[in-house]
Each structure stands twice: as C-alpha cells, then as structure tokens.
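*Asks:* Let me see the structure of the following:
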Amino acid sequence: MLFFAHLPLDPGVIAVFLCQNNPGLCDDWDATAGANRAFVFEGRLSAATVPADGETLLGAVTALRPHPADTPTAEPVLGRLGGEPDWLQGDETPGCPSCGAPMSFTAEFEEGADFATSANFGGGGLGYVFHCRPCSEAAFLWQR
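*Replies:* Sure thing, here's the model as predicted:
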C-alpha cells in the first residue's frame, strides 16, 4: 500500500494508505474493501529513521487548507481539512467498524495537477477521510 497522507489530530495523527496496484485490481474506492486503510495514532509521535537500504521516494508534497479558508494562498493546495464533504456521487459516509455510528468527516483530497505524482482517484475524483474519535478508528474512500 502507498502511504498517502498524514493528517493532524489532537492529539496524534491519521495516516492514510491506498492501493496503487498496477493495473488497479483492488477496490480502492471502497472504505471497507481493504484496499484503503486509515489509522489513528494517538499521543506524541516522532519521525521514523530513514532505512539504510532500499529506496525512499517522495514524489510531491502538498498542503490542505482549513475549512473555511481564512485567506487565499498562492501555494498549491490539494484539499481541505474539516467542513462537509463535497460528494461527487452521493453520500457514502462510512460507519465506524467498532461502534457502527456514522464517522465524522475529517479531510478531502484532490488528485493533483501533475500526472507523475498525483493520486489515482479514477480521473478527476476526490478522496475523503473520516474519523470516529471515541473509537480511535479512521476510514478513507474516493469517488469519481
């Protein structure tokens, strides 16, 4: 799975991973099919040590804007934190796998402008991150 995003959470983070299998044989648009995963890591975190062997690649780094955006920015921004999801195909808010309650919307991602480094959300899609704070569960899905 491809590490996709690291989102701030008070306290901790949500780490988002998605399937980038070639030729795309995983149900990576579905929050519960197993091709996407989002994990909640609570508490104080520290950076991992870069492995001595193998390759460490980072194609691009982008930012998210808070919702509502306080001021326009000239930097490339590929999504937002908070607010309400801008569904492309209709509401698919996932239920928490632990308690069954609808999860809270956390962030929305755009694919990106550069084909070489953009996420594959089916061509023009949006990615959505959700979180259940009481259960420390998170989920990720996308629509096109």
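
*Asks:* so for stretch 98-107, what's the average pLDDT?
*Replies:* Here stretch 98-107 scores 96 as its mean pLDDT.

*Asks:* in that stretch, what counts as buried?
*Replies:* Buried residues in stretch 98-107, counted by 16 or more other C-beta atoms under 10 Å: 103, 105, 106, 107. Glycine gets a C-beta too; all of them are placed from N, C-alpha and C.

*Asks:* Which one of these is nearest to residue 52?
*Replies:* Proximity of the buried residues of stretch 98-107 to residue 52 (C-beta to C-beta) peaks at residue 107, which lies at 32.8 Å.

*Asks:* hmm, back to that, just the ones in strands from the buried residues of stretch 98-107, please.
*Replies:* Residues of the buried residues of stretch 98-107 located in strands (DSSP state E): 105, 106, 107.

*Asks:* ok, now which ones touch the second one?
*Replies:* Yep, that's residue 106 we're talking about. 7, 14, 81, 82, 129, 130, 131, 138 (C-beta atoms under 8 Å, 6 or more residues apart in numbering).

*Asks:* excluding its backbone neighbours, what's nearest residue 133?
*Replies:* Distances taken as C-beta to C-beta, 6 or more residues apart in numbering put residue 104 closest to residue 133, at 6.9 Å, once the chain neighbours are dropped.

*Asks:* so that neighbour makes contact with residue 134?
*Replies:* No - shown here, residue 104 and residue 134 do not form a contact pair, counting by C-beta atoms under 8 Å, at 10.2 Å.

*Asks:* still on that earlier bit, out of the ones in strands among the buried residues of stretch 98-107, the closest to residue 124 would be?
*Replies:* residue 107 (18.3 Å).

*Asks:* which residues touch the closest one?
*Replies:* Counting by C-beta under 8 Å, 6+ apart, residue 107 has contacts 5, 7, 14, 64, 79, 80, 81, 82, 128, 129.

*Asks:* what's the answer for residue 111, then?
*Replies:* 78, 118, 119, 120, 121, 123, 124, 125, 126.

*Asks:* 10 Å - rerun?
*Replies:* 78-79, 118-127, 142, 144 (C-beta atoms under 10 Å, 6 or more residues apart in numbering).
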